[in-house]
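>>> sequence-free structure coming up:
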Ligand SMILES: [Zn+2]
């Protein structure tokens, strides 16, 4: 596989490929940090601290008493009302959509 890639064009291509891969990794890091900030912002706005968990109204079903918990350590949420589970990004997306009309 990689053995004939020892010289000339192929070597250059290999290095270029490596550089692109490194650049992509860098982008991925920044992207995930931006996503993380966005997730925590949304969760912070919509949930309250409850011990080591966050507690708030579930964005995925109608409820008046908060039954949705989010664990910042594992980045997982669980709703005791509708049983939905998932990661923080999914939860933040839920809070982010236009769901206010359903609640009021
Ligand atoms: Zn729910």
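That came through, no problem. Everything numeric in this text was worked out from a predicted model, so none of it was measured. Numbering: from 1, shown residues only.

>>> OK, contacts around residue 89?
35, 39 (CB atoms under 8 Å, 6 or more residues apart in numbering). No exception for glycine: its C-beta is placed from N, CA and C like everyone else's.

>>> in what helix or strand does it lie?
Assigned by DSSP states H and E, residue 89 falls within helix 88-96.

>>> chain center to that helix, what's the gap?
With CA atoms, centre = their mean, to the nearest Å as the basis, helix 88-96 stands 8 Å off its chain's centre.

>>> buried residues in it?
88, 89, 91, 92, 94, 95 (16 or more other CB atoms under 10 Å).

>>> just stretch 51-67 next, same as before
53, 54, 56, 57, 58, 59, 60, 63, 66, 67.

>>> mean confidence score for stretch 68-81?
On average, the pLDDT along stretch 68-81 is 93.

>>> just stretch 46-63 next, same as before
Average pLDDT, stretch 46-63: 94.

>>> try stretch 22-33
77.

>>> within range of the ion, give me the residues from this structure.
58, 60, 61, 79, 81, 82 (CB under 5 Å from the ion).

>>> now for those residues, which pair is the farthest apart?
Greatest spacing in these, by CB to CB: 60 and 81 (8.7 Å).

>>> quick check: of the buried residues of stretch 51-67, which lies closest to residue 39?
Distances from residue 39 to those, taken by CB to CB, are shortest for residue 54, at 11.2 Å.

>>> pretty sure that closest one is in a strand, no?
Yes: under DSSP: H, G, I helix; E, B strand; the rest coil, residue 54 sits within a strand.

>>> quick one: contacts for it?
43, 44, 47, 48, 69, 70, 71, 72.

>>> mind giving me the ChimeraX command for buried ones among these?
To isolate the buried ones among those in ChimeraX, judged by 16+ other CB under 10 Å, type:
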select :43,47,69,70,72
